[in-house]
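Engineer: with the input below, show me the fold.
(one chain, ligands or ions: 2)
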Amino acid sequence: MNRFLTDSQEDIERASNLLQSGEVVAIPTETVYGLAANAFDEQAVARIFEIKGRPLIDPLIVHVAGFEQAEKLAICDSELIQAVSRAFWPGPLTVILKKQACVPDLVTAGKDTVAIRMPGHPLAHQILAACQLPLAAPSANPFGYVSPTRPEHVRDSFGTKVSHIVDGGPCQNGLESTILDISNESEAIIRRPGPITKEILREKLGVDVEFVRAQHSADETKSMVSPGSLKKHYSPQTRLKLVEKDNLHTIVGDAQKVAYVSCRRSAKFENIAKDCDRFWLSESGDLKEIGRNVFDLIRQLDRLPFDLILIEKAENEGLGITINDRLTRAAAQ
Ligand code: TXA
Ligand code: MG
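Structural biologist: Ligands and ions are numbered 1, 2, ... in the order given. Take a look at the predicted model:
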């Protein structure tokens, strides 16, 4: 049976004790739910890979409670990491840095770098502070499937394989953290777009940062800079197709059982497609709301008897770039 843990002191201690004794526990973060284990315990980390069905060549993010803990895991003496941590931690930004020798190769997939993040969700922070361990945690979904933004998503995917799920409610961002590679001091590269956009990074850090999209097919993983940036990812069982913004109405009339998903509630579309199964990701088109809802809605639709989920792209700027990145990969064949 699964057990949902609450934010009570007793349950935080329970989660912390389980982690200290080598168990895998699902924890909430402000981005998505994570499957957490003591980053120094190789057996516990191996169990994460096993539960997720994740290839061992795909490294994990290590979550920390404070900057001192990050310094034990990675080389944190550049000006840039100091500025990044001051501006964005705790929060939805992961940095890639040169690792310290103590970080197990299993966590970093043998790389000389490690991904580190200090989550902003109060429950994640309280658990990290209570167990006093760095926690390796990938998103708590089966490898390749849609990320979990609610505790029920973790239960639905893993059943009893994950015995304890800490319930922190729905995730505030609903999209995974931005990954910023600063392992080479002379350049900062976004490896995965996320809630912290390149405009925000530029504004707060005063440096230019580019998103370098890694385009790889599944069998190319060995040579990847960021192995998890596969072309196909976040995919539901039901076929998902993306259409350009405002073009949803042009596809109406397909014979299959189609779920039409617009970014915002639109009178135009409602008028044209009266008899269609229509869904929307936000009332007003607000990108934060779309980001918060997108994985949850795809998961809901995936449980219904549709042959096709047709989704309209978000506007391709700011957070919309992150949303479109996830949608494009969910739609990839
Ligand atoms: O929001 C998030 O980041 C969530 C929550 C749970 O913290 N975690 C998450 O982890 O999305 P995961 O494992 O699903 O995605 C981590 C990504 C993968 O694409 C992995 O390849 C990349 O980070 N990564 C980890 N360590 C890396 C490294 N040393 N160099 C390059 N990429 C790395
Ligand atoms: Mg993931």
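Engineer: give me the residues contacting stretch 319-333.
Structural biologist: Stretch 319-333 has contacts (Cβ atoms under 8 Å, 6 or more residues apart in numbering) with 146, 175, 178, 192-195, 197-198, 211, 213, 230-236, 240-242, 287-288, 290-291, 294-295, 298, 311, 313-314, 316. In this view, the C-beta of every residue, glycine as well, is placed from N, C-alpha and C.
Engineer: just the element for the spatially closest residue to His233 that is not a sequence neighbour, please.
Structural biologist: Leaving aside its sequence neighbours, His233 sits nearest to Arg329 (Cβ to Cβ, 6 or more residues apart in numbering; 4.4 Å). Here Arg329 sits within helix 319-331, counting by DSSP states H and E.
Engineer: coming back round to it: give me the buried subset of the contacts of stretch 319-333.
Structural biologist: Buried by 16 or more other Cβ atoms under 10 Å: 146, 175, 178, 192-195, 197-198, 211, 230, 233-236, 240, 242, 287, 290-291, 294-295, 298, 311, 313-314, out of these.
Engineer: quick one: buried residues of the helix or strand of the chain with the lowest mean pLDDT?
Structural biologist: Ranked by mean pLDDT, DSSP states H and E, the weakest helix or strand in the chain is helix 267-272, scoring a mean of 73. Neighbour-count burial for helix 267-272, with 16+ other Cβ under 10 Å as criterion, is recorded at Phe269.
Engineer: do the helix holding Arg329 and ligand 1 meet?
Structural biologist: No: Helix 319-331 is not in contact with ligand 1 by Cβ under 6 Å from any ligand atom; minimum separation 11.0 Å.
Engineer: how about the residues of this structure near ligand 1?
Structural biologist: 29, 31-32, 34, 58-61, 94, 96, 108, 111, 113-115, 117, 137-139, 176-177, 179, 191, 226-229.
Engineer: mark which of those residues are buried, thanks.
Structural biologist: Applying 16+ other Cβ under 10 Å to the residues of the chain next to ligand 1 flags 29, 31-32, 34, 58-61, 94, 96, 108, 111, 113-115, 117, 137-139, 176-177, 179, 191, 226-229 as buried.
Engineer: how far is the longest helix anywhere in the chain from where the chain is centred?
Structural biologist: Assignment by DSSP state H gives helix 287-302 as the longest helix of the chain. With Cα atoms, centre = their mean, to the nearest Å as the basis, helix 287-302 stands 13 Å off its chain's centre.
Engineer: what residues does the very next helix or strand once past that helix touch?
Structural biologist: Scanning forward in sequence from helix 287-302 by DSSP H and E, the next helix or strand is strand 308-312. For strand 308-312, the external contacting residues (Cβ under 8 Å, 6+ apart) are 236, 238-248, 251, 254, 256-263, 298, 301-302, 327, 331.
Engineer: average pLDDT for strand 308-312?
Structural biologist: The predicted model gives strand 308-312 an average pLDDT of 93.
Engineer: for the most centrally placed residue in the chain, which non-adjacent residue is spatially closest?
Structural biologist: When Cα atoms, centre = their mean is applied to the chain, the residue found nearest the centroid is Glu176 (2.6 Å). Distance criterion Cβ to Cβ, 6+ apart; nearest residue to Glu176, sequence neighbours excluded, is Thr31 at 5.1 Å.
Engineer: what of Gln172?
Structural biologist: The shortest distance from Gln172 to any non-neighbouring residue, by Cβ to Cβ, 6+ apart, is to Glu30 (4.7 Å).
Engineer: ok so, going back, out of the contacts of stretch 319-333, which sit inside strands?
Structural biologist: Among the contacts of stretch 319-333, the subset assigned to strands under DSSP state E consists of Thr178, Arg192, Phe211, Leu240, Lys241, Leu242, Ile311.
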